[in-house]
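Visitor: sequence plus the predicted model coming up.
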Amino acid sequence: MRRRDLDGCPIAGALQMIGDRWTMLIIRDLATGPKRTMELHSNLEPISSRSLVGRLRDLVKDRLLERTDFGGNPPHIEYALTERGQVLVPLLEALRAVGQSLECNECEDRRKRRGRYC
């Protein structure tokens with residue numbers, strides 16, 4: 001993701017890093033532990049593989065995720081939150097609370113569709 005020079009506001013800077021459609025959902029899925037690329041892809045439908053890989057690459061570059069390549073054929077690559085990325089977990093909880101209070105979706109709906117809560 002291309003970064004722009006902004007007015008120096010920390011909110012604007014943070015939103016440049018995490019404010020797109022998929023970033024916080026990737027963080028949500030990694031908050032429970034490391035995942036392979038295809039695990040993330042299956043949880044984040046309808047994201048394209050290209051978009052997911054691009055976001056993962058940006059998040060690694062921003063030091064929010066670490067990428068571990070275990071080699072093999074097919075490649076075994078896992079992504080995990082870094083200590084810096086863990087800072088976003090309380091924000092996830094706040095977003096969940098806002099979504100519930102605004103009656104956007106119910107976690108129970110997700111559990112029925114995906115077999116687990118958000």
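Guide: Received, thanks. Residues are numbered from 1 along each chain as shown.
Visitor: Asp7 versus Ala14, what's the distance?
Guide: 13 Å (Cβ to Cβ, to the nearest Å). C-beta coordinates here come from the backbone N, C-alpha and C atoms, glycine included.
Visitor: all strands for this protein, in order.
Guide: Applying DSSP state E to the chain gives strands spanning 35-36, 65-69, 77-81.
Visitor: Asn43 contacts Leu30, doesn't it?
Guide: No - under the criterion of Cβ atoms under 8 Å, Asn43 makes no contact with Leu30, lying 10.1 Å away.
Visitor: more neighbours: which of the two?
Guide: Remark: of Asn43 and Leu30, Leu30 carries more neighbours, 25 against 15, as counted by other Cβ atoms under 10 Å.
Visitor: pull the contacting residues for that one.
Guide: Leu40, Leu65, Tyr79, Ala80, Leu81, Gly85 (Cβ atoms under 8 Å, 6 or more residues apart in numbering).
Visitor: can you pull out the low-pLDDT segments for the chain?
Guide: Within the chain, the ranges that satisfy pLDDT under 70 run 1-6, 105-111, 113-118.
Visitor: how about the helices in the protein?
Guide: 10-18, 23-30, 37-43, 49-61, 83-86, 89-101, 107-114 (DSSP state H).
Visitor: now distance to Asp69 too, for those helices, in TSV please.
Guide: Listed next are those as TSV, based on distance: least, Cβ to Cβ, whole Å:
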stretch	distance to Asp69
helix 10-18	24
helix 23-30	16
helix 37-43	11
helix 49-61	11
helix 83-86	18
helix 89-101	25
helix 107-114	28
